[in-house]
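A.B. asks: Sharing a sequence plus its predicted fold:
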Amino acid sequence: MIIQINPTKQVPKINEDILTTLAYFDMFNYPLVAGEINLFLRNKYQQNDFDNALSGLVSNRLVFQFGIFYSLKNDHANIEKRRNGNKKADELIKVAERVGNLLIKFPYVRGLAISGSLSKNFADDHSDIDLFIITSANRLWIARTLMHAFKKLTYLVNKQDCFCMNYYVDEKQMEIAEKNIYTAIEIVTLIPLQGDAIMEKFYATNNWTHQWLPNKIMRVSSAKPLRFNALKQSIEAAFNNRLGDTIDNLLMKITAKRWLKKTQLNKLNAHGGIMAMATGKHYAKPDPENFQTRLLRQYDVKMSHILHRPESSMAQ
């Protein structure tokens, strides 16, 4: 029997946090284990309180449990999808590590990390290796151009999906401007591959994520220390001057113009979305605002629906 909530009662904060955490990952059909739910909560709770709240939500069928996994959707297919995705991710992360060993040798590259769905330990047959890249100050566009020139060659051997270098920042401006649940999760789930020192600085610069995810500790131990090779040092020495400044600015303008034209012509990427990129002297990132706006709007609608359901358990 469904009992209407007393409108004077409020949803217990811990219940709300658990439900909204599961709601976020349910948008990607990704069930979580209890430890993962706890990591992504918006507040800190005693373990016993968390366990009791989660158990109560399961008992009242607001959350569905499948073995060690929890979801807002009563769909076992998502459990198998996650298990298979985790296995595939284990394989792809090993490939990403080899890719990182290569890309860190490029001039002005100071740090690399796995981003996107792979950083959440999920992959399928169509997954790319998305990479987050930090370059030295004021040389992002030289670094990016050299790396993307190399990527053109990977199409010849059908390895382009291993080199999706889609988000760049430089040392001068490492703070992520958009501060919301999406960017917080993207930052804390990065898997650092190269440049342990710069990744430490990046996390310190973006410690605002603790306000969103106080239980999630960002990982840097997996990143290798930065090492220079002779070719990298030589190229950087040749462009650490006014000529390098001019070239970097020119490459930024050329790239921004090309991408704006792609957007205006409604060219589609491999996933069927309109190609777009936000550009600046210290960053290059793919269509961040439009995607984030859509996702966050969807998340707000989903949370509103969940938190206003009439089951009495929400107010217990």
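C.D. replies: That came through, no problem.
A.B. asks: rest of the way, CA atoms for contacts and neighbours
C.D. replies: OK.
A.B. asks: which residue ranges form the helices in the stretch 51-200 of the chain?
C.D. replies: Assigned by DSSP state H, counting those that start in this stretch, the helices in the stretch 51-200 of the chain fall at 77-103, 140-154, 181-188, 196-205.
A.B. asks: Could you export these as JSON lines, including distance to Gly280 and mean neighbour count?
C.D. replies: As requested, these are exported to JSON lines (distance: least, CA to CA, whole Å; neighbours: other CA atoms under 10 Å):
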{"stretch": "helix 77-103", "distance to Gly280": "22", "mean neighbour count": "16"}
{"stretch": "helix 140-154", "distance to Gly280": "10", "mean neighbour count": "18"}
{"stretch": "helix 181-188", "distance to Gly280": "18", "mean neighbour count": "19"}
{"stretch": "helix 196-205", "distance to Gly280": "18", "mean neighbour count": "18"}
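A.B. asks: can you put those helices in a markdown table and add mean pLDDT and distance to Thr21?
C.D. replies: Shown next, in a markdown table, are the helices of the stretch 51-200 of the chain (pLDDT from 0 to 100; distance: least, CA to CA, whole Å):
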| stretch | mean pLDDT | distance to Thr21 |
| --- | --- | --- |
| helix 77-103 | 96 | 17 |
| helix 140-154 | 96 | 35 |
| helix 181-188 | 95 | 10 |
| helix 196-205 | 96 | 22 |
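A.B. asks: Out of these, the one nearest Lys257 is which?
C.D. replies: Among the helices of the stretch 51-200 of the chain, the nearest to Lys257 by CA to CA is helix 140-154 (13.4 Å).
A.B. asks: so which of the helices of the stretch 51-200 of the chain gets nearest Tyr30?
C.D. replies: Among these, the nearest to Tyr30 by CA to CA is helix 77-103 (6.3 Å).
A.B. asks: Show me what the closest one is packed up against.
C.D. replies: With contacts taken as 3 or more CA pairs under 8 Å, 6 or more residues apart in numbering; DSSP states H and E, helix 77-103 sits against strand 109-114, strand 191-194.
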